[in-house]
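>>> Following is a predicted model, sequence given first.
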Amino acid sequence: MTNDLVARHATVGEIAANLPGATAVFRRFGMDFCCKGNVVLAESARKRGVDLAEVERALSALDGAVDRTAAPAATPALIDHILARYHEIHRRELPELVRLARKVEKVHANRADVPRGLADLLARMTSELVQHMAKEELILFPAMKRQPALPLGAPIACMRHEHDGHGEHLRALEALTNGITLPAGACRTWQALYAGLAKLQDDLMEHIHLENNVLFPRFAGAT
Ligand SMILES: [Fe+2]
Ligand SMILES: [Fe+2]
């Protein structure tokens, strides 16, 4: 499937949606497959400054080799999966990350490498994500379940725009934390915080990918 997809100049988002394990490859090369997934592979590699041939080799190696943590195929089941696996988990985990970040910033305030401003950033992310998810849960997803043929271009464009904002927050988070890399001598709380941030980054990117590249394109006029 890799060669087919690459040969027909599939976008990074399409490859991520159709090739099991591709999202992990894109993450490894630092290529954005969720918010900026609508560009072809060569363009994405060029933008990121990575070797296209190397990315293609890594994708080819995946052929049939990875049992993707499959998202359900049917739309109602896919929506339920997104709600249970991502919305609920974000709601549960984000407040704890804010708490851990406040503690690290306070206890290590005298260190130059403390991620100053991280707790405020996470609090902002939490508030925006909670509002965004409520819109999906109360308006968009019920409409998708009720009328699978309904064109939902306008609300979907709005959600895609908000996803771009989440992507910006992730980039700010990376900048504040040196790419979520622990400094020498980081305490247990700091370690727990960064482990949680890495999971948040993985979850949020996968969450946005499933909506932007798998769910939304099913609705006419969605792109
Ligand atoms: Fe969502
Ligand atoms: Fe969303």
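Arrived safely. Ligands and ions are numbered 1, 2, ... in the order given.

>>> immediately after the helix or strand of the chain with the lowest mean pLDDT, which helix or strand?
Ranked by mean pLDDT, DSSP states H and E, the weakest helix or strand in the chain is helix 2-7, scoring a mean of 64. Moving toward the C-terminus from helix 2-7, the next helix or strand (DSSP states H and E) is helix 12-18.

>>> avg pLDDT for that following helix?
Taken as a whole, helix 12-18 has a mean pLDDT of 84.

>>> ok, then the element right after that helix?
helix 22-28.

>>> how far out from the middle of the chain is the one helix or strand Gln201 maps to?
Gln201 belongs to helix 188-209 when assigned by DSSP H and E. With CA atoms, centre = their mean, to the nearest Å as the basis, helix 188-209 stands 10 Å off its chain's centre.

>>> Please enumerate the helices of this protein.
Ranges of helices within the chain are 2-7, 12-18, 22-28, 41-48, 52-60, 75-82, 88-107, 118-135, 141-146, 153-176, 188-209, based on DSSP state H.

>>> For Phe216, find the nearest of these.
Closest approach to Phe216 among these is made by helix 153-176 (4.9 Å; CB to CB). (Glycine included, C-beta is placed from N, CA and C.)

>>> Would you mind pulling the contact partners of that closest one?
32, 34-36, 115-118, 121-122, 124-125, 128-129, 132, 135-136, 139-140, 143, 180, 197, 201, 204-205, 208, 211-212, 216, 219-223 (CB atoms under 8 Å, 6 or more residues apart in numbering).

>>> Next, the angle helix 188-209 makes with that helix.
150 degrees (axes from the mean of the first three to the mean of the last three CA atoms, to 10 degrees).

>>> and helix 153-176, how far from the chain's centre?
Centre-to-centre, helix 153-176 and its host chain are 9 Å apart (CA atoms, centre = their mean).
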